[in-house]
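*Asks:* let me see the structure of the following:
(one chain, ligands or ions: 1)
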Amino acid sequence: MIIAVDGPTASGKGTIARAIAAYFALPVLDTGLLYRAVGYQTQLNHGDPDNSTDALAACNFADSLLDDPALRYESTGGLASRVSVHPAVRKALFQRQVDFANQPGGAVLDGRDIGTVIAPYADAKLFVTASPEERARRRHAEMLGRGVEITYDTVLADIHARDARDTGRADAPLIRAGDALLLDNTALDRDAAIAAAIAFVEGKVAR
Ligand code: C5P
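*Replies:* Okay, the predicted model is just below:
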């Protein structure tokens with residue numbers, strides 16, 4: 001069973017993907033982490049994330065980098081969104097994601113193009129979203145909780161910039177697959193969103 005969970009930044013898709021994976025006892029891959037590793041490695045190499053050759057060179061990052069807490073930084077998310085525009089980078093990361101999806105027993109993957117490019121044949125697809133303002137509110141509260149000093153307006157501006165880059169790129173843009181459930185959790189709390197996601201997947205699997 002393959003489950004695709006796509007959506008914009010700070011939509012809660014990672015939380016939902018992990019909850020689905022725990023419920024169905026499946027392995028889960030946060031594909032954003034791969035792009036974050038490429039963005040961060042580009043910086044470590046003193047490369048330019050907007051340059052395709054520099055970004056491609058960073059695709060052979062060491063697997064140990066995936067455990068680096070720096071990948072979670074907001075600034076690394078920005079680097080990831082810049083390197084992910086390059087078709088050569090997407091191609092370099094493609095097989096790793098497909099192999100994860102196709103492992104025996106199945107898997108859950110979350111990202112931007114799982115239901116459209118990586119696993120268009122997935123058994124269940126979800127497109128998780130919330131309004132930019134609500135996503136900014138949650139991300140801002142979470143960052144303040146971690147002691148990061150940042151204004152709400154800065155977080156909202158970053159979310160708008162990331163959305164524009166992710167939806168506007170030519171290769172594998174962020175878009176809802178026609179057969180994906182649209183799960184807008186603007187007015188839902190975490191538990192209600194998870195319950196809706198699991199009920200949808202169960203319905204698909206039962207068929
Ligand atoms: O999901 P996360 O915020 O960690 O992703 C970081 C960036 O990586 C996104 O803004 C997006 O540009 C890119 N990404 C992508 N395709 C994916 C996952 C992430 O382009 N499947």
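
*Asks:* now for the residue nearest in space to the middle of the chain: which residues touch it?
*Replies:* The centroid of the chain falls nearest to residue 111 when counting by Cα atoms, centre = their mean (3.1 Å). Residues in contact with residue 111 (Cβ atoms under 8 Å, 6 or more residues apart in numbering) are 5, 6, 30, 31, 32, 97, 118. All C-beta spots, glycine's among them, are computed from the backbone N, C-alpha and C.

*Asks:* quick one, strands of the protein?
*Replies:* 2-6, 28-30, 107-111, 124-129, 181-184 (DSSP state E).

*Asks:* mean pLDDT and distance to residue 61 added to those strands, as CSV?
*Replies:* Output for the strands of the chain, formatted as CSV (pLDDT from 0 to 100; distance: least, Cβ to Cβ, whole Å):
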stretch, mean pLDDT, distance to residue 61
strand 2-6, 98, 23
strand 28-30, 98, 15
strand 107-111, 98, 17
strand 124-129, 98, 27
strand 181-184, 97, 32
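
*Asks:* as CSV, the ones you listed with distance to residue 60 would be great.
*Replies:* Compiled in CSV, the strands of the chain are given as follows (distance: least, Cβ to Cβ, whole Å):
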stretch, distance to residue 60
strand 2-6, 26
strand 28-30, 19
strand 107-111, 20
strand 124-129, 30
strand 181-184, 35
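
*Asks:* just so I know, which of those lies nearest residue 48?
*Replies:* Of all the strands of the chain, it is strand 107-111 that lies closest to residue 48, at 23.8 Å by Cβ to Cβ.

*Asks:* run a quick neighbour tally on the residue lying closest to residue 124 once chain neighbours are set aside.
*Replies:* Closest residue in space to residue 124, ignoring its immediate chain neighbours: residue 204 at 4.1 Å, by Cβ to Cβ, 6 or more residues apart in numbering. Number of residues near residue 204 (other Cβ atoms under 10 Å) recorded here: 17.
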